[in-house]
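Novice: following is a predicted model, sequence given first.
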Amino acid sequence: MLQSTGIVNTREDSRFHISAHLCAGGTDSARAAWRSILKGLPDPTPPDISDTDPLGTDSSPSVDLNEAASAALADDAQNSVDQQTSAAAMDEMRSARRRRRIGDVAWGDLAYRVYTTALACLVFAVFASGWVGDSELSAASQTSAQKFGPVWAGLFAGLVLLLGVRSGTRAGPIALESADVYHLLLAPISRSRVLRRPAVGVVGYGVATGMAVGALVGSLCSQRLPGNTFEWMLSGALFGGAAAALSLGAALITASRRVPRPWIELLAWALLIASVVAVAGYSPFAPLTLLGQILFWPLSFSLLPLVLVALAMILAVVGLRIVGGLSIELAQRRTRLVGQLRFAVTQQDLRSVLLLRKQLASERPRNKSRFARLPIRFGGRFPVFTRDVQSFGRWPAVRVLRVTVLGLGAALCLYGAWSGTTPLVLLAGLCTYVAGLDVIEPLAQEVDHPMMLASYPEPAGVILQRHLVAPVFVMVLVGSEGLLLVWLLHPSVNIIAIGAITVITAATTAVAGASISVVSEAVLDAGDAAMMPPEVTGPRVVIRTLWPPLVAVIGVTPILVAQRAMRLGNDPIPPALTLAIPILVLAGIVFMWVKYREDLHRTMGEAMGAKT
């Protein structure tokens, strides 16, 4: 009996491991393992009393191998039927959950949201097109756009591809629901069947978004370049959709773990470096330049770029077919972080959004700072500045690269605004604002630890204000790199002078706007909100959200007045200097607000309490 009991436990353990393997999709190996167990183990059924001799020796019949094989095949057939039934049940439950979710939303409200969103997009497109203007570029500028435009578009496609591969290394771009991760991925159903529907939704939404953005870019290009507007929009939509499909397909293939990840990352970096070399003028061609030629088809048409479009579609299809290799552990981590990220966005908690984004990107600071050996006297006289510099020295390489790319992108956008495309000023200001959120990390860490901040011998406002000095220096350094790039593209004394003025104003306002977002409360106080009517609360939330990036955008406006003076034939430097003075004053006011904000709130609270 003890021997029989041991055999039963062995069979149950083996059946458990085989079932787990079936959940992972290994049907063939599980079938072979199950047959080996049936062949090598005796019947676990307790022997009957009549089949046992008086001396206690077991006389149970031996196992018939043919019957064991037949039983294994029957189990396989039953497993196949069970998988089909389970897949049907999964689809039915997903449909019921979708109907329940849609049933809670009134169709009138949903139609109103679609209407307002479409109207806002249309107004933005018309406003941007009107702001760009309808004056065509000169013949020399058109030739330059036809020559270098595809190269820059290919560089953008390389960046998008690299972002997709990096997302795939962290189980992106799919963000599953908790029930799908903790139940469906562990059920005896093919993972590809479970993941195919959300993967198709992500790819479809991404390609549609890319096509919409590309069509908008094509519409803006048609304002300055010759050609039909419809042709520009069509080529832009094709370029945007192909770039999105290429990125999402690479992300799905990376997440599936069917191809070694180092090979995919190496290929993505190689394509990006080739595009950078082509932009610098050291190489006449880059692979992704073919994809960039699609955006400029109205200027020069060629069928060869369709090869990359077909390749992007093939990558997306292959990624959808092999997505079943997704890691459950990484999917659980991504689901948890994405859920927290969505909640932080709904609560307008920008600090939590930044922290969760860094966790989602797996950004880990260095254990040792690159600037650990600073002079002792310098650290004693300027402790806050020294701490900030050491904090910058612990940045991971990914963050250094991100801030550098944002600075170079802002510089290129300002160069485009100097050339006549005025709306690029908004994009340049947003780039500086996002970079400012990264360099303002020491201040954010101080705000996250109020008890430690209160334990210092200096007032809290003084400490917070001192944390703004080092980020300004870092932003000036990043802006200088962008100024050097623009000067290499267009060597000119005016570029150096106006660029230096813009670098100083943009650096200070970027830090000022980021400090407003970090220091101010993320959520309105419940008592204040209860005392205010909705007509006041709504605009207050909008202003609180838009004011920080608007401050960063204001910092890059000297380039506009300089460009206007240049068009009128005047010296562009004096207008830029004149506008830089109030911009620096605005940044100074923000820095003083950071210092005395707590005192102002305390005084206002005491005044309101006394009045009550």
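Specialist: Yes, it's here. Numbering: from 1, shown residues only.
Novice: ok, which stretches of the stretch 351-500 of the chain are helices?
Specialist: Assigned by DSSP state H, counting those that start in this stretch, the helices in the stretch 351-500 of the chain fall at 376-381, 383-393, 397-419, 424-439, 441-448, 450-454, 460-466, 469-489, 493-519.
Novice: I'd like the ones you listed as TSV, with mean pLDDT appended.
Specialist: Output for these, formatted as TSV (pLDDT from 0 to 100):
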stretch	mean pLDDT
helix 376-381	67
helix 383-393	88
helix 397-419	90
helix 424-439	91
helix 441-448	88
helix 450-454	84
helix 460-466	89
helix 469-489	92
helix 493-519	92
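Novice: among those helices, which is nearest G154?
Specialist: The closest of those to G154 is helix 397-419. By C-beta to C-beta, the value is 14.4 Å. The C-beta positions use only the backbone N, C-alpha and C, and glycine is treated the same way.
Novice: now do the same for the residue nearest to L288 when sequence neighbours are not counted: helix, strand or coil?
Specialist: Nearest residue to L288 in three dimensions, chain neighbours excluded: G154, at 3.7 Å (C-beta to C-beta, 6 or more residues apart in numbering). Assigned with DSSP: H, G, I helix; E, B strand; the rest coil, G154 falls in the helix class.
Novice: hmm, L295 and G154 touching each other?
Specialist: No: if you go by C-beta atoms under 8 Å, G154 and L295 don't touch, sitting 9.5 Å apart.
Novice: which of the helices of the stretch 351-500 of the chain sits closest to E606?
Specialist: helix 460-466 (17.0 Å).
Novice: using PDB, list the CA coordinates for that closest one.
Specialist: Output in PDB follows, covering the C-alpha atoms of helix 460-466 (Å, rounded to 0.1, in the frame of the first residue of the first chain):
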ATOM      1  CA  ALA A 460      12.600  74.900   3.400                       C
ATOM      2  CA  GLY A 461      12.000  77.600   0.800                       C
ATOM      3  CA  VAL A 462      15.700  78.500   0.800                       C
ATOM      4  CA  ILE A 463      16.700  74.900   0.200                       C
ATOM      5  CA  LEU A 464      14.300  74.400  -2.600                       C
ATOM      6  CA  GLN A 465      15.400  77.600  -4.300                       C
ATOM      7  CA  ARG A 466      19.100  76.500  -4.100                       C
END
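Novice: and A208, what element?
Specialist: According to DSSP states H and E, A208 maps onto helix 191-222.
Novice: and the next helix or strand after that helix with helix 191-222, angle?
Specialist: Using DSSP H and E, the helix or strand that follows helix 191-222 in sequence is helix 229-256. Between helix 229-256 and helix 191-222, the angle comes out at 150 degrees (axes from the mean of the first three to the mean of the last three C-alpha atoms, to 10 degrees).
Novice: how far is helix 229-256 from where the chain is centred?
Specialist: 16 Å (C-alpha atoms, centre = their mean, to the nearest Å).
Novice: quick one: list the elements packing against it.
Specialist: In terms of contacts (3 or more C-beta pairs under 8 Å, 6 or more residues apart in numbering; DSSP states H and E), helix 229-256 is packed against helix 139-168, helix 191-222, helix 261-280, helix 289-295, helix 306-321.
Novice: relative to L356, which of the ones you listed is closest?
Specialist: Per C-beta to C-beta, nearest to L356 of the helices and strands packed on helix 229-256: helix 139-168, 14.8 Å.
Novice: elements contacting that closest one?
Specialist: helix 229-256, helix 261-280, helix 289-295.
Novice: what angle separates it from helix 191-222?
Specialist: 160 degrees.
Novice: so where's this structure shaky on pLDDT?
Specialist: Applying pLDDT under 70 to the chain flags residues 1-83, 101-110, 112-115, 118-135, 374-379, 521-542, 608-612.
Novice: identify the residue nearest L163 in space, chain neighbours excluded?
Specialist: S247 is the one closest to L163 (C-beta to C-beta, 6+ apart), at 6.6 Å.
Novice: so who does that neighbour touch?
Specialist: Going by C-beta atoms under 8 Å, 6 or more residues apart in numbering, S247 touches V160, L161, L163, G164, G206.
Novice: show me the two of those residues that sit farthest apart.
Specialist: Between any two of those (C-beta to C-beta), the greatest distance is 12.9 Å, for L161 and G206.
Novice: between those two, who's got more neighbours?
Specialist: Set L161 next to G206 and count neighbours by other C-beta atoms under 10 Å: L161 wins out with 28 against 20.
Novice: compute the distance between that one and W269, please.
Specialist: 10 Å (C-beta to C-beta, to the nearest Å).
Novice: for A512, same thing?
Specialist: A512 is 35 Å from W269, by C-beta to C-beta.
Novice: these two - which one has more neighbours?
Specialist: Legend: neighbour count by other C-beta under 10 Å for A512 and W269, higher for A512 (30 against 14).
Novice: just the angle between the host helix or strand of L586 and helix 441-448, please?
Specialist: Assigned by DSSP H and E, L586 belongs to helix 573-611. For helix 573-611 against helix 441-448, the angle between stretch directions is 0 degrees (the same axes, to 10 degrees).
Novice: all numbers from here: first residue = 59
Specialist: Yep, numbering from 59; the last one is helix 631-669 now.
Novice: which other helices and strands does helix 631-669 contact?
Specialist: Using 3+ C-beta pairs under 8 Å, 6+ apart, the elements in contact with helix 631-669 are helix 518-524, helix 551-577, helix 592-612, helix 616-625.
Novice: my guess is A430 meets S449, correct?
Specialist: No: judged on C-beta under 8 Å, A430 makes no contact with S449 at a distance of 11.4 Å.
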